[in-house]
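Engineer: return atomic coordinates for the entry below.
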Amino acid sequence: MERAMHPVNQPATLDNAREIIAVASLLGRDGRTIESTIVGHSMERTLVHGSRVRIRCGLTTPSPGTVVVVAVGGVLFAHRIVGRGRGRRARDFIITRGDNAVVCDSPVATSWVVGVVTEYHDGTAWRPLPNDPLRSPARAWLAAVHRSVMLGALEIHVAVARGVSVIAVVMARALRPLTLFHRSDISMATSEGTPADPL
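Structural biologist: Purely as a prediction, here's the structure:
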């Protein structure tokens, strides 16, 4: 078990992120697992700030429902896959979302996946990662609509899906006073279309 890894949901240099992907790929060939710490609140319905997690490295074809660690835009983050592209242009991209969020992240390439989060430490023992937690009916409906729109946009082109992601963030910020959106709902997409630190 490897223990050293950059904290998840924190900035890394772009070179560092590339190195982490390369090292994780090598570790994955041997079926290695590494440990890291979750930093941030976007997964708080499942993983609270400071949670220790185990990450199985090198999985190249993660499926929806899986929590993955992704290195993109100089950032490492752990979010749940909510969809995957199907068409020729889209099949190498996934859509992720924090379990504490309604708005999906901008699409990320499957090649940026560092590994899969398999367990978390609850303070006494290692436990399997739970399924995506239930949301209120209104938040569940918003999450489902945004997921469908993002997947449809991704089938057109990844740039269209990234644009939809930015528009959703702007709308979520405007609607935040209505309490349908939490602070974490708008924390991961940026104008560049890549994940960023929580606001």
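Engineer: list the contacts for the residue located most distally from the centre of the chain?
Structural biologist: Computed with C-alpha atoms, centre = their mean, the residue of the chain farthest from its C-alpha average is T124, at 25.9 Å. By C-beta atoms under 8 Å, 6 or more residues apart in numbering, no residues touch T124. C-beta coordinates here come from the backbone N, C-alpha and C atoms, glycine included.
Engineer: which residues of the chain score low on pLDDT?
Structural biologist: 1-31, 59-60, 73-74, 176-199 (pLDDT under 70).
Engineer: list the pairing partners of the host helix or strand of V53 within its sheet, with orientation.
Structural biologist: Using DSSP states H and E, V53 maps to strand 52-57. Partners of strand 52-57 in the sheet, by DSSP bridges, are strand 33-37 (antiparallel), strand 113-121 (antiparallel).
Engineer: ranges for the helices of the protein?
Structural biologist: For the chain, applying DSSP state H gives helices covering 14-29, 137-156, 158-175.
Engineer: of all these, which one is nearest S111?
Structural biologist: Nearest to S111 among the helices of the chain is helix 14-29 (7.7 Å), distances taken as C-beta to C-beta.
Engineer: how close does the residue positioned nearest the centre of the chain get to I95?
Structural biologist: The centroid of the chain falls nearest to H79 when counting by C-alpha atoms, centre = their mean (2.6 Å). Noted for H79: a distance of 10 Å to I95, by C-beta to C-beta, to the nearest Å.
Engineer: any common contacting residues for these two?
Structural biologist: Taking C-beta under 8 Å, 6+ apart as the contact rule, H79 and I95 both touch D105.
Engineer: I figured the residue nearest to the centre of the chain was touching V67, is that so?
Structural biologist: Yes. Look at H79 against V67 with C-beta atoms under 8 Å: they come within range, at 6.8 Å.
Engineer: need the contact list for A153.
Structural biologist: Each residue near A153 by C-beta under 8 Å, 6+ apart is listed here: 160-161, 163-164.
Engineer: now with 6 Å, please.
Structural biologist: Contacts for A153 (C-beta atoms under 6 Å, 6 or more residues apart in numbering) come out as 160-161, 164.
Engineer: now, of these, which are buried?
Structural biologist: 161, 164 (16 or more other C-beta atoms under 10 Å).
Engineer: of the contacts of A153, closest to W112?
Structural biologist: After measuring the contacts of A153 against W112 - C-beta to C-beta - the closest member comes out as A161, at 15.0 Å.
Engineer: and the gap between the closest one and V75?
Structural biologist: Distance check for A161 against V75: by C-beta to C-beta, it reads 18 Å.
Engineer: and if you look at V103?
Structural biologist: 17 Å.
Engineer: with neighbour numbers in mind, choose between those two.
Structural biologist: V103 (25 against 21; other C-beta atoms under 10 Å).
Engineer: please report phi then psi for that one.
Structural biologist: Main-chain dihedrals, V103, degrees, to the nearest 10: phi -80, psi 130.
Engineer: repeat that for A90.
Structural biologist: phi -100, psi -20.
Engineer: please name the residues that touch the closest residue in space to R84 that isn't next to it in sequence.
Structural biologist: Spatially, and ignoring its direct neighbours in sequence, R84 is nearest to I94 (5.0 Å; C-beta to C-beta, 6 or more residues apart in numbering). Shown in contact with I94 (C-beta under 6 Å, 6+ apart): 81, 84, 108, 110.
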